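A.B. asks: structure for the following, please:
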Amino acid sequence: MYACLHAAGNPALLVECARQFSPHIEEISDDTVLLDIRGLGRMFMGSEEIAAALVNRAGLAVDVAIASDADAAVFAARGIRGITVIPPGREADVLAPLTLNLLPGSPETAGILNAWGIRTFGEFAALPPLGVAARLGSEGTYLQNLALGQGGRQLNPIESPLQFEEELELDDPVELLEPLAFLLSRLLNNLCARLISRALATDQVQLSLTLENAAPHECVLRLPVPMRDSKTLLKLLQLELDARPPVAPVLKIRLLLKPVKPRTQQHGLFLARSPEPAKLEITLARLCNLLGAENVGTPALLDTHRPDAFRMNRFAPCRVQAEAPLPTSATLVLRRYRPPQHAQVLIRDEKPVHVAAAPARGKVVECVGPWRTSGAWWLRDAWDQDEWDVALSDGALYRIHEDRRTGRWFLEGSYD
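C.D. replies: Residues are numbered from 1 along each chain as shown. Alright, predicted model coming up:
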């Protein structure tokens, strides 16, 4: 079943009215909107009640027609005032009094029909189909099927872009974070409800705050996994605003969620259960507030020869992989002290003979080195050091190095 709304002067209002009843809408022209009403029978008692609800929701003088054929509904709404409900199989009878100027067609076909004395849908529908096809061709056959209410075409719905955005302009400036969080909660509830209704989630939240006598405050949350829980998103925004609050009272709030498909994951039966992504993201945000964003994340080695050079990337859980085969030969692992521990080293014959530091102290039984490493001499944080591997009298193996720029020694780590 299809319903058609026809009213002049406000096409946007017709489209908005139709969206309240169906997601499948076609804008025929500036004054006509067609919508698919299949399934509304469970909410309304019949087609007459659906048509009355459309008129009440439109809020203006509108002509409504309901029919099982889309084109029949359009012609009835344009040619008949008020509400028209066409029972299935009665399309030709209801459309018969309408004038032929409602039919689409070429001026040549219209001239021929006028010369024949054909003025209405009913007169055109009564012509022999074979004669119409012989004299007017395929266009004549198509127009006669329209006059009979047998167009049979499908709806060409409007593909509107998905945009999940909310704005709120405040009457009075908001100075505290607690009332601001209350307003953000209201906006997030609306946006997340819309995401859920579309079976979507979000992986990016953009917040823009218009401030009083100050530049706008912008913040972007990039989520590791798609989410759509308003409480979790609100908590992340609160932590972000606590760490970087606005510098002036807030006059306007604009919130934008980027829609993506929700996350689907199949858990293994014998794998350890990982924490929920939402709770993990909140924990990471709290750690960033306490320790600084540069100290929280996943370490990644830098492409440089500087010893122990790495940076902290945004935390991303690694995928479980098959265990690598054990090495066939024994290997040593260096456990570094961060930062390296200051040490006092006694040198004899250009070799270390005794090491004293907080983690270790003892006589050097055996040593190997030095290995000189240097670089970035053109920067302020250049390095130039000599490294030694030493075995102390306590039975442990350590790495020490001398900073050649300052002459100071450091205990760098111990070998396992």
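A.B. asks: for the helix or strand of the chain with the lowest mean pLDDT, what is the distance to the chain centroid?
C.D. replies: When the helices and strands of the chain are scored by mean pLDDT, DSSP states H and E, helix 277-291 comes last with a mean of 72. The chain centre lies 21 Å from the centre of helix 277-291; the measure is CA atoms, centre = their mean, to the nearest Å.
A.B. asks: next one: stretch 298-318
C.D. replies: Stretch 298-318 sits 28 Å away from the centroid of its parent chain (CA atoms, centre = their mean).
A.B. asks: residues contacting that stretch, please?
C.D. replies: 222, 224, 274, 280, 284, 294-297, 336, 338, 373, 375-376, 383, 385, 387, 401, 412 (CB atoms under 8 Å, 6 or more residues apart in numbering). For every residue, glycine as well, the C-beta is placed using N, CA and C.
A.B. asks: tally of neighbours for Ser395?
C.D. replies: Quick fix: residue 395 is Gly, not Ser. Number of residues near Gly395 (other CB atoms under 10 Å) recorded here: 8.
A.B. asks: out of the contacts of stretch 298-318, which are buried?
C.D. replies: 284, 296-297, 383, 385, 387, 401, 412 (16 or more other CB atoms under 10 Å).
A.B. asks: which of these lies closest to Cys4?
C.D. replies: The closest of those to Cys4 turns out to be Leu284 (CB to CB; 53.5 Å).
A.B. asks: so who does that closest one touch?
C.D. replies: By CB under 8 Å, 6+ apart, the contact set of Leu284 is 296, 315.
A.B. asks: try 6 Å
C.D. replies: Applying CB atoms under 6 Å, 6 or more residues apart in numbering to Leu284 gives the contacts Phe315.
A.B. asks: so which of the contacts of stretch 298-318 are in strands?
C.D. replies: 222, 224, 336, 338, 373, 375, 383, 385, 387, 401, 412 (DSSP state E).
A.B. asks: how near is the closest residue to the fourth one other than its chain neighbours to Asp389?
C.D. replies: Here the nearest residue to Arg338 in space, its sequence neighbours aside, is Asp308; by CB to CB, 6 or more residues apart in numbering that works out to 7.7 Å. For Asp308, the distance to Asp389 (CB to CB, to the nearest Å) stands at 16 Å.
A.B. asks: which of the two has more neighbours?
C.D. replies: Neighbours per residue (other CB under 10 Å) separate Asp308 from Asp389, with Asp389 holding more: 18 against 13.
A.B. asks: so which strand or helix has that one?
C.D. replies: Assigned by DSSP states H and E, Asp389 falls within strand 383-392.
A.B. asks: partners of that strand in the sheet?
C.D. replies: Its sheet considered, strand 383-392 pairs with strand 361-375 (antiparallel), strand 397-403 (antiparallel) by DSSP bridges.
A.B. asks: how about that strand as CSV, C-alpha atoms only?
C.D. replies: The C-alpha trace of strand 383-392 is given here as CSV (Å, rounded to 0.1, in the frame of the first residue of the first chain):
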residue,chain,number,x,y,z
TRP,A,383,74.2,10.6,23.1
ASP,A,384,77.8,9.4,23.2
GLN,A,385,78.6,6.4,25.5
ASP,A,386,80.8,3.4,26.0
GLU,A,387,79.0,0.2,27.0
TRP,A,388,80.4,-2.8,29.0
ASP,A,389,79.1,-6.2,30.0
VAL,A,390,80.5,-7.1,33.4
ALA,A,391,80.2,-10.2,35.6
LEU,A,392,80.3,-9.3,39.3
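A.B. asks: so what secondary structure elements neighbour the top helix by length along the chain?
C.D. replies: When the chain is scanned for its longest helix (criterion: DSSP state H), the result is helix 177-197. The helices and strands touching helix 177-197, judged by 3 or more CB pairs under 6 Å, 6 or more residues apart in numbering; DSSP states H and E, are strand 164-174, helix 230-243, strand 250-260.
A.B. asks: dump the strands paired with strand 383-392 into JSON lines; add mean pLDDT and distance to Leu301 as well.
C.D. replies: Output for the strands paired with strand 383-392, formatted as JSON lines (pLDDT from 0 to 100; distance: least, CB to CB, whole Å):
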{"stretch": "strand 361-375", "mean pLDDT": "88", "distance to Leu301": "15"}
{"stretch": "strand 397-403", "mean pLDDT": "90", "distance to Leu301": "18"}
